[in-house]
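Undergrad: fold the following, please.
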Amino acid sequence: MKIPLFDLTRQYIKIRQEILTEIDKVISSGRVILGENVSLFEEEIANFVGVKHAIGVANGSDALFIALKALGIGEGDYVITTPYTFFATVSCITRNRAIPIFVDIDPVTYNIDLDKVEEVLTSHPNRDRIKAFIPVHLFGQTVNLERLEYIKQKYGIKILEDCAQSIGSTWTYSDGTVKRSGSIGDAAVFSFFPTKNLGAYGDGGMIVANDDEIAEFCRSFRVHGSKTKYVHDVVGINSRLDEIQAAVLRVKFRYLQEYTNKRREIAKEYQKLFEDTKSVKEMIVWPNVPDDNSHVFHQYVIRVKNGQRDVLREFLKEKGIGTSIYYPMGLHQQKCFAYLNIPKGSLPETERASKESLALPIFPELKIKEVEYIVLKILEYRGG
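TA: Predicted coordinates for the structure are as follows:
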């Protein structure tokens, strides 16, 4: 059996005619840049997240860069974030000539440890220069939004939520209020890279915000800093969500809840199969599936203990099973950030996760019999 980590074509087969119809409408209209689909999709995403504004841009990396700039972050400022994330979360800080402060992760959720964030905010020698915090809702699981709001208010820093992997994920507050990821930051960003839960057939990104001035800045910055054609208030960049990609995303957005439900069903099946097999517990730690449907399972990531991760991955590859490693090293270990002089071992949970984590296939069209095959082969490796 051949099982890819992700398969875009299975989904396309089911929605092909809808997609082609909408693409034809765009091209036939002659309006292929910042047209009706971009505007409508922005409105749909804003309503979905629960914010006033949404601004479509070319990709998630640009969304981070522009949004952080809109928050006023610049040269000499410090920004707290996680080292266990995709490169763009941190490159947006350095591209704005600011300085990242890496805070270690929680070993269960892989999200940034908020206790350690507060430690930094009370003890860092350059505390007065810490201007922002970028939490990442990793693998589809929301960072504690109630705690984020508390940190934002107590310490007076800007929060930019990185929701590239978490569209539709939620957090339930102590009073029973439920909020979506992306709804509480000064700004938040989404990615529509093809492998995301809501993915385009190319690149795409979105910035969301409640603040009118932040939204206005982002909207003009994406078109070279121009509010009026050929009049430039700042030196912006060219980063517009493509009209055809917006049309594609509007079709897929109608199915997002269905896709999310299927991801959760697959995650539950993995969990059931692992829990039913006691022998695997010596080697595998699998993620919990919350009862409140807060997790959207962009990735299904297990830990492989005892130094067996890479060997197991090679074994699964031989059995036709695609896997991936998110992430093979913490960003503090990347050569381009060596100038930060962060000693090895100073972020132990990140460094341990980079040696143990392994992403198994999870996408809406994955069949239960394929999940059973994957777990069977893991057990076969274990000799179970």
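Undergrad: what helix or strand is residue 56 on?
TA: strand 53-57 (DSSP states H and E).
Undergrad: walk me through the domains of this protein.
TA: The domain map for the chain lists 8-253, 256-382, with the assignment taken from automatic domain parsing.
Undergrad: ends of the last one, what's the gap?
TA: Terminal residues of domain 256-382 lie 36 Å apart, using C-alpha to C-alpha, to the nearest Å.
Undergrad: for that domain, what is the distance to the chain centroid?
TA: Mean-position distance between domain 256-382 and its chain equals 16 Å (C-alpha atoms, centre = their mean, to the nearest Å).
Undergrad: so for it, what's the average pLDDT?
TA: In this model, domain 256-382 carries a mean pLDDT of 96.
Undergrad: for stretch 97-105, same thing?
TA: Per-region confidence: stretch 97-105 scores 98 on mean pLDDT.
Undergrad: picking up where we left off before, partners of the strand holding residue 56 in the sheet?
TA: Paired strands of strand 53-57, with direction, are strand 205-209 (antiparallel) (DSSP bridges).
Undergrad: tell me the helix or strand right after the partner strand.
TA: Moving toward the C-terminus from strand 205-209, the first helix or strand encountered (DSSP H and E) is helix 212-221.
Undergrad: which other helices and strands contact that following helix?
TA: Contact partners of helix 212-221 among helices and strands, from 3 or more C-beta pairs under 8 Å, 6 or more residues apart in numbering; DSSP states H and E: strand 53-57, helix 60-70, strand 205-209, strand 226-228. C-beta: built from backbone N, CA, C; applies to glycine.
Undergrad: residues contacting the strand holding residue 56, please?
TA: Under the contact criterion C-beta atoms under 8 Å, 6 or more residues apart in numbering, strand 53-57 has outside partners 38, 41-43, 45-46, 63, 66, 204-212, 214-215, 218-219, 222, 239-241, 246.
Undergrad: could I get that strand in PDB with only the CA atoms?
TA: In PDB, the C-alpha atoms belonging to strand 53-57 read as follows (Å, rounded to 0.1, in the frame of the first residue of the first chain):
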ATOM      1  CA  HIS A  53     -10.900  43.300   8.800                       C
ATOM      2  CA  ALA A  54      -9.200  40.700   6.600                       C
ATOM      3  CA  ILE A  55      -6.500  41.600   4.000                       C
ATOM      4  CA  GLY A  56      -5.500  39.000   1.400                       C
ATOM      5  CA  VAL A  57      -1.800  38.900   0.600                       C
END
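Undergrad: quick one: contacts for residue 218?
TA: With contacts defined as C-beta under 8 Å, 6+ apart, residue 218 is in contact with 55, 57, 66-67, 70, 187, 207, 209.
Undergrad: sorry, wrong one. I was asking about residue 281.
TA: Residue 281 makes contacts with residue 274, as judged by C-beta under 8 Å, 6+ apart.
Undergrad: look at the residue lying closest to residue 35 once chain neighbours are set aside and report its pLDDT.
TA: In space, and not counting its chain neighbours, residue 35 is closest to residue 243: 4.5 Å by C-beta to C-beta, 6 or more residues apart in numbering. Confidence at residue 243, expressed as pLDDT, is 98.
Undergrad: so residue 243 sits against residue 30, correct?
TA: No: taking contacts as C-beta atoms under 8 Å, residue 243 lies outside contact range of residue 30: 10.6 Å.
Undergrad: ok so, going back, how about the helices and strands packed on helix 212-221, which one is nearest residue 332?
TA: Each of those was checked against residue 332 via C-beta to C-beta, and the shortest separation belongs to helix 60-70, namely 18.0 Å.
Undergrad: who has more neighbours out of residue 243 and residue 30?
TA: Set side by side, residue 243 and residue 30 show more neighbours around residue 243, with 23 against 7, by other C-beta atoms under 10 Å.
Undergrad: so who does that one touch?
TA: Applying C-beta under 8 Å, 6+ apart, the residues near residue 243 are 26, 31-35, 37-38.
Undergrad: PyMOL command for the buried members of these?
TA: The PyMOL selection below is limited to those of those classed as buried (16 or more other C-beta atoms under 10 Å):
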select buried, resi 26+34+35+37+38
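Undergrad: by contact count, what packs against whichever helix in the chain runs longest?
TA: With DSSP state H setting the assignment, residue counts place helix 8-29 as the longest helix in the chain. Other elements packing on helix 8-29 under the criterion 3+ C-beta pairs under 8 Å, 6+ apart are helix 36-49, helix 243-253.
Undergrad: from the middle of its chain, how far away would it be?
TA: Per C-alpha atoms, centre = their mean, the centroid offset for helix 8-29 relative to its chain is 25 Å.
Undergrad: can you pull out the helices in the protein?
TA: Secondary structure of the chain (DSSP H): helices at 8-29, 36-49, 60-70, 88-95, 114-123, 145-155, 212-221, 243-253, 256-275, 309-318, 348-356, 368-382.
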